[in-house]
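1. A structural model of the following input is requested.
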Amino acid sequence: MTDTQQWWRGAAIYQIYPRSFADGNGDGVGDVAGIRARLAHLRDLGVDALWISPWYVSPMADAGYDVADFRDIDPLFGTLAEAEALIREAHAMDLRVIVDMVPNHCSDQHSWFRAALAAGPGSPERARFHFRAGRGESGELPPNDWPSHFGGPAWHRVIEADGTAGEWYLHLFAPGQPDFNWDNPEVREEFEAVLRFWLDRGVDGFRIDVADNLVKDPALPDLASVPENGRSPVHDQDAVHDIYRSWRRIADSYPGQRIFVGELWLADRERFARYLRPDELHTGFNFPFLQAGFDAGRMRAVIDDTLAAHAPVGAVPTWVLSNHDTTRHVTRYGRADSSYGFDRRRLHGTPVDLELGTRRARAAALLTMALPGCVYVYQGDELGLWEVEDIPEHLIQDPAFHGTAGADPGRDGCRVPLPWEGDEAPFGFSPDATTDPWLPQPPAWKDHTVAAQTGDPDSTLELYRTALHVRRAEPALGGGELTWLDAGEDVLAFTRPGGFTCVVNFSERAVDLPEHHERLLASGPLDHGRLPSATAAWLR
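-> Predicted coordinates:
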C-alpha cells in the first residue's frame, strides 16, 4: 500500500454495511468472507478506502452498534483471523481500511455491564456506566427527562439480585445499549487499549459513532431545565476534546497516517470546528449537505457554510449523499420534497419518481466528487439503488421501528443486501445460498446488478467508475480552492485549479455550458450541446 501523507484530504471512501454487502457462506447475511471476495469491485470502482460498519461481537439489538466485545469479530461475520486477512488483502490493492468505533455505549451483554448488574448499587462496576436511583415515591420514575433516540425514555430500570426493582441506567439509544460513563478513568483506559488493538492489526483509521455525545454533565439535569441557549448536558463537554487529543497521540505514534472521522451532530459552526483542530479529529460528517435536497440555493448555501466552517482550523470537508441511517438519495431526490430531516415518518411512502430521482442522484454524485475535500460513497450508491419501502413488517429488524411501534419506519430500507449478478434474488449476494437474504431484494434490481451494469457506458456504475478515476487523476480535485461562476438561476457552476469546471443544472430547462475546450464527463446525455435539467458536467 502506498504511504501517502494526509491521503484522507482528498480520498474517496466507501462505506460497507457488512450484513448487506456480500455473503460468503450462504447463510443470507453478509460477512468478512463476502467482503474479501468482492474487494476487486472496490479496487476497480476507484475508491481509496473502506469504512466498515461494526463487525464486533454483538447480540445485534442495533445491527452491531451494541458491542459485546470490541476486540473480536462476531461469528455472524467470521473470525478475527479473517478480518486480519481482509486488512492485508485490501492493503495489497492499495485500499485503506477504516473501522467503526462505538465509544458512547456497549451491549447489555458486554462483560462490564453484566458485572455491573451483578455487583449492585454503589459498586465500582456500576460506576463505569450511568446508574441512578429513580424519582418518585418509590423510585418508579426515570432519573431525568432525557428521551431515547429510538423512542421512549433514555432510562431502563433493572431488577436487582434480590428480585426487587432497583436503579435505572442511561441508554441514549436502545435499552440494550447502556451508555458508558466517560468520567471514569477505567473507560478511557479501556478504549485506548481497544484503539491500540486495532492499530496493531493495521487499520488505517476509525469512524467514531456518536462522537460528540460521550461525556455527560455529571448532574444529569432535565433537558427542560437547560436554558434555551445553554450548552446541552449530553454533549460537547471539554472532556470530549481531551479524549480525542489522547487518541490522536496514540495513533500518531504508529507509522503511517491514520484518520479519525467523527459523527458529529453539532449545528453550531464554531463548536463543530473545535473537533477538527489539528490535534483532534481529522474530519467530521457533513450532515447539512445530505439534508439539503436537490435544490441549487440550499446546496450552495451549505457548500459555502461548510467551507467557511472548516477554513479556520485547516480541516477538509466531507461530502456524503447517503449512509446506513438515511433514506437512499435516489428515493429522496425523486420526491416533490427532496430534503431530509432524519424524521423518516414525514416523507416515508410519499410518491417517488425513480427516473427523476436517478437523474438527480447521478448529477449530485458528480457535484460531490468535484467539491474540495473527501467524498463518501455508501454501498449501492454506485448502482443507483433506491430505498426499499415495502419490507414486510415481520422482517424489519431496526429497533427504531420496534421502539416506536412502527411509527418510525426504520432504516432497513437502505440496508437491503446488494445485487451482484443474475436475474432473480439473491442476485449473487449469497453465491451458495442455503437461505434467503436477511432482507428481501426487489425483483426490479435485476437491471441494477454489478454484472448488468458493467460495460454499459450509460449505467450508474460506469458513471461512478469513470468519475472516481477522473477524480483521482485530476490534480485539481480533492483538496484545494473553489471559485463560483455566475451561471444563472438554479444552476451551480464552479472552477477548481487548473481550469477544471463543474456545472450542475437544477432548473427545469436546458442551459448553455460555459466556454470550454474539453468535456470530461456528464451525468447524462446533452441536448444539442446544452446541459439538460437534473444533469451535471465536468469540463476543462
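
2. Skip the chain neighbours and tell me the closest residue to the most centrally placed residue in the chain.
-> For the chain, the residue nearest the mean C-alpha position is residue 323 (4.5 Å; C-alpha atoms, centre = their mean). Closest residue in space to residue 323, ignoring its immediate chain neighbours: residue 378 at 5.0 Å, by C-beta to C-beta, 6 or more residues apart in numbering. Every C-beta, even on glycine, is put in place using the N, C-alpha and C of the backbone.

3. likewise residue 223?
-> Distance criterion C-beta to C-beta, 6+ apart; nearest residue to residue 223, sequence neighbours excluded, is residue 145 at 5.6 Å.

4. That neighbour and residue 224 touch, don't they?
-> Yes - using C-beta atoms under 8 Å, residue 145 is in contact with residue 224, at 5.8 Å.

5. Neighbour count: the two, which is higher?
-> Higher neighbour count among residue 145 and residue 224: residue 145, with 15 against 7, using other C-beta atoms under 10 Å.

6. First-to-last residue distance for stretch 440-456?
-> End-to-end span of stretch 440-456 (C-alpha to C-alpha, to the nearest Å): 26 Å.

7. Please renumber the chain so that the first residue is 25 from this point on.
-> Will do, 25 is the new start, and the previous item becomes stretch 464-480.

8. For it, give me every contacting residue.
-> For stretch 464-480, contacts defined as C-beta atoms under 8 Å, 6 or more residues apart in numbering pick out 65, 407-409, 412, 415-416, 419, 440-453, 483-486.

9. Show me what the mean pLDDT comes to for it.
-> The average of the pLDDT scores along stretch 464-480 is 98.

10. again with stretch 487-504
-> The average pLDDT within stretch 487-504 is 92.

11. pLDDT below threshold where in the chain?
-> 25-28, 251-260 (pLDDT under 70).

12. so residue 201 makes contact with residue 92?
-> No - the pair residue 201 / residue 92 is not scored as a contact, 10.9 Å apart, by C-beta under 8 Å.

13. quick revisit: contacting residues for the residue nearest to the centre of the chain?
-> Residue 347 neighbours (C-beta under 8 Å, 6+ apart): 39, 309, 314, 400, 402, 438.

14. swap in residue 516?
-> 320, 323-324, 391, 508, 526-528, 530.

15. Buried subset of the contacts of stretch 464-480, written for ChimeraX?
-> In ChimeraX, a selection of the buried entries from those looks like this (16 or more other C-beta atoms under 10 Å):
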select :65,407,408,409,412,415,440,441,442,443,444,449,450,451,452,453,483,484,485
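
16. who's more crowded, residue 201 and residue 92?
-> Shown here are residue 201 and residue 92; by other C-beta under 10 Å, residue 201 has more neighbours (27 against 23).

17. which residues of the stretch 375-524 of the chain fall in strands?
-> Secondary structure of the stretch 375-524 of the chain (DSSP state E, counting those that start in this stretch): strands at 398-402, 507-508, 515-520, 524-529.

18. circling back: what about the residue nearest to residue 347, distance to residue 341?
-> 17 Å (C-beta to C-beta, to the nearest Å).

19. Kindly report the same for residue 425.
-> Taking C-beta to C-beta, one finds residue 425 at 32 Å from residue 341.

20. residues in contact with the residue nearest to residue 211 when sequence neighbours are not counted?
-> Of all residues not flanking residue 211 in the chain, residue 204 sits nearest, at 4.9 Å (C-beta to C-beta, 6+ apart). If you count contacts by C-beta under 8 Å, 6+ apart, residue 204 has them with 127-130, 152-153, 211, 238.

21. rewinding a little: any shared contact partners between residue 201 and residue 92?
-> Counting by C-beta under 8 Å, 6+ apart, the residues touching both residue 201 and residue 92 are 130-131.

22. related to what we said a few turns ago, for residue 459, see how far away the residue nearest to residue 347 is.
-> With C-beta to C-beta as the criterion, residue 402 and residue 459 are 25 Å apart.

23. So between these two, which is more surrounded?
-> A direct count of neighbours by other C-beta under 10 Å for residue 402 and residue 459 places residue 402 higher, at 22 against 12.

24. Contacts only, for the more buried one.
-> Listed by C-beta under 8 Å, 6+ apart, the contact set of residue 402 reads 38-39, 41, 344-348, 352, 438.

25. Ok, residue 536 next?
-> Counting by C-beta under 8 Å, 6+ apart, residue 536 makes contact with 554-555.

26. now the one 4 residues further on
-> Applying C-beta under 8 Å, 6+ apart to residue 540 gives the contacts 525, 563-564.

27. List only buried entries from these.
-> 525, 563.

28. Could you check the strand or helix carrying residue 111 and say which residues are buried?
-> Using DSSP states H and E, residue 111 falls within helix 104-116. Neighbour-count burial for helix 104-116 flags 106-107, 110-111, 114 (criterion: 16+ other C-beta under 10 Å).

29. next one: stretch 151-164
-> In stretch 151-164, counting by 16+ other C-beta under 10 Å, buried: 151-156, 158, 163.

30. can you dump the C-alpha coordinates of it into CSV?
-> In CSV, the C-alpha atoms belonging to stretch 151-164 read as follows (Å, rounded to 0.1, in the frame of the first residue of the first chain):
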residue,chain,number,x,y,z
ALA,A,151,-19.5,3.4,38.1
ARG,A,152,-18.4,2.6,34.6
PHE,A,153,-22.0,3.4,33.4
HIS,A,154,-24.7,5.9,34.4
PHE,A,155,-26.7,4.1,37.1
ARG,A,156,-29.1,6.3,39.2
ALA,A,157,-31.9,5.9,41.6
GLY,A,158,-35.3,6.8,40.2
ARG,A,159,-37.5,9.7,41.1
GLY,A,160,-41.0,9.4,42.6
GLU,A,161,-42.1,7.9,45.9
SER,A,162,-40.5,4.5,45.3
GLY,A,163,-38.1,5.3,42.5
GLU,A,164,-40.6,4.4,39.9
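
31. got a list of contacts for it?
-> Looking at stretch 151-164 with C-beta under 8 Å, 6+ apart, the contacting residues turn out to be 136-137, 140, 145, 165-167, 179, 181, 189-194, 202-205, 208, 210-211, 240, 244.

32. Now go through those residues and say which are in strands.
-> Taking DSSP state E, the ones among the contacts of stretch 151-164 that sit in strands are 179, 181, 189-194.

33. Just among these, which is most surrounded?
-> Busiest of the ones in strands among the contacts of stretch 151-164 [other C-beta under 10 Å] is residue 194, holding 26 neighbours.

34. Now the spatially closest residue to that one that is not a sequence neighbour. Its backbone dihedrals?
-> In space, and not counting its chain neighbours, residue 194 is closest to residue 154: 3.7 Å by C-beta to C-beta, 6+ apart. The phi and psi values for residue 154, taken as degrees, to the nearest 10, are phi -110, psi 90.

35. before we move on, the earlier item: state the phi and psi torsions of the residue nearest to residue 247.
-> Phi and psi for residue 169, reported as degrees, to the nearest 10, are phi -100, psi 20.

36. and it, what does it touch?
-> 177, 246-248.

37. So what's the residue count around residue 99?
-> Residue 99: 9 surrounding residues under other C-beta under 10 Å.

38. about what we covered before: list buried members of the contacts of residue 516 by neighbour count.
-> 320, 323-324, 391, 526-528, 530.

39. Go through the residues you listed and name the one nearest residue 555.
-> residue 527 (6.1 Å; C-beta to C-beta).

40. could you list every residue that touches the closest one?
-> 511, 515-517, 537-538, 555, 560-561, 563.

41. likewise residue 165?
-> Counting by C-beta under 8 Å, 6+ apart, residue 165 has contacts 158-159.

42. Thank you, goodbye.
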